[in-house]
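In: Generate a structure from the sequence data that follows.
(one chain, ligands or ions: 1)
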Amino acid sequence: MLNIVIFGAPGSGKGTQSDKIIAEYGVEHISTGDVLRAEINCNTELGKTAAAYINEGKLVPDSLIIDILASTLDAKGKDIKGVIFDGFPRTIAQAEALNNMLAERGQEVSTVIGLEVNDEELIKRIIARGKTSGRADDNEETAKKRLDTYYSQTMPLKDFYIKEGKYAKIDGVGSIDDIYSNIKAAIDAVK
Ligand code: AMP
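Out: Numbers count the residues shown, from 1 in each chain. The predicted structure follows:
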């Protein structure tokens, strides 16, 4: 079972590269951001709660997101090749919860693909994406808050996974195909 975490700041290319990984390795995609946006579109209670955090560039509380992740993972069933976790974990508590959830299933994180991109490029990409994504949080003001949140709450995960020997550093600036070929090499090294 191939359990890939794709890790990086907002705008680092997690979604774009996830699509390529899914096409090649046939793994299931779990994007907590997509799950939350679906809840918002359906105007559920969970969606209303999540929107208040998302629009402020803040993280949705761990307890909520860990429950969402567990039920999304269960819904995928057992007959799968693996999962790519996109936008999860974003805190140490979430990473520990993921380790426990996978351990309960006799599995573990195979590798963490860490897409590294400078701030200037990240903001530029998010603003460009906002022109077509329709996402309320893809604007300069919220993007800057999201980056602050990333550095204070999510970045510490890099050391967490380095200590576990799982972090594969990938330069996230360049052509999509060149970046992907480095990702593929990292995945093939643990397959
Ligand atoms: P994304 O699509 O991954 O950029 O996520 C969009 C927004 O959803 C984030 O800025 C957070 O507000 C929220 N979100 C997504 N995933 C998580 C997570 N794992 N933990 C907390 N909040 C999350």
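In: Now the closest residue to the ligand within the chain: which helix or strand?
Out: Relative to the ligand, the nearest point of the chain is G33 (2.0 Å; Cβ to the nearest ligand atom). Quick note: C-beta positions are derived from backbone N, CA and C, even for glycine. Counting by DSSP states H and E, the secondary-structure element that holds G33 is helix 32-41.
In: picking up where we left off before, now do the residue of the chain closest to the ligand, the pLDDT please.
Out: At G33 the predicted local confidence, pLDDT, stands at 96.
In: now do S63
Out: We have a pLDDT of 97 for S63.
In: is it true that L64 touches G47?
Out: No - between L64 and G47 no contact is recorded; they are 11.3 Å apart, counting by Cβ atoms under 8 Å.
In: Could you tell me how far stretch 179-189 lies from the centre of the chain?
Out: 17 Å (Cα atoms, centre = their mean, to the nearest Å).
In: So what touches the helix holding G33?
Out: By Cβ atoms under 8 Å, 6 or more residues apart in numbering, the list of residues contacting helix 32-41 from outside reads 46-48, 50-51, 54, 60, 65, 68-69, 72, 86-88, 90, 135.
In: Would you list the phi and psi of A168?
Out: Summarising the backbone geometry of A168 under the convention degrees, to the nearest 10, its torsions are phi -110, psi 110.
In: repeat for E116
Out: Recorded main-chain torsions at E116 are phi -110, psi 120, according to degrees, to the nearest 10.
In: returning to that earlier point: going by neighbour count, list what's buried in the helix holding G33.
Out: Residues of helix 32-41 classed as buried under the neighbour-count rule (16 or more other Cβ atoms under 10 Å) are 32-33, 35-37, 39-40.
In: Tell me the helix or strand right after it.
Out: helix 45-54.
In: Need the residues that contact that following helix.
Out: Outside of helix 45-54, the residues within contact range by Cβ under 8 Å, 6+ apart are 36, 38-41, 59-61, 64, 68, 136-137.
In: now with 6 Å?
Out: The contact list for helix 45-54, computed with Cβ atoms under 6 Å, 6 or more residues apart in numbering, reads 36, 39-40, 60, 137.
In: Which two among those are spaced furthest apart?
Out: Of all pairs drawn from the contacts of helix 45-54, the one with the largest separation by Cβ to Cβ is E39 and D137; the distance is 14.7 Å.
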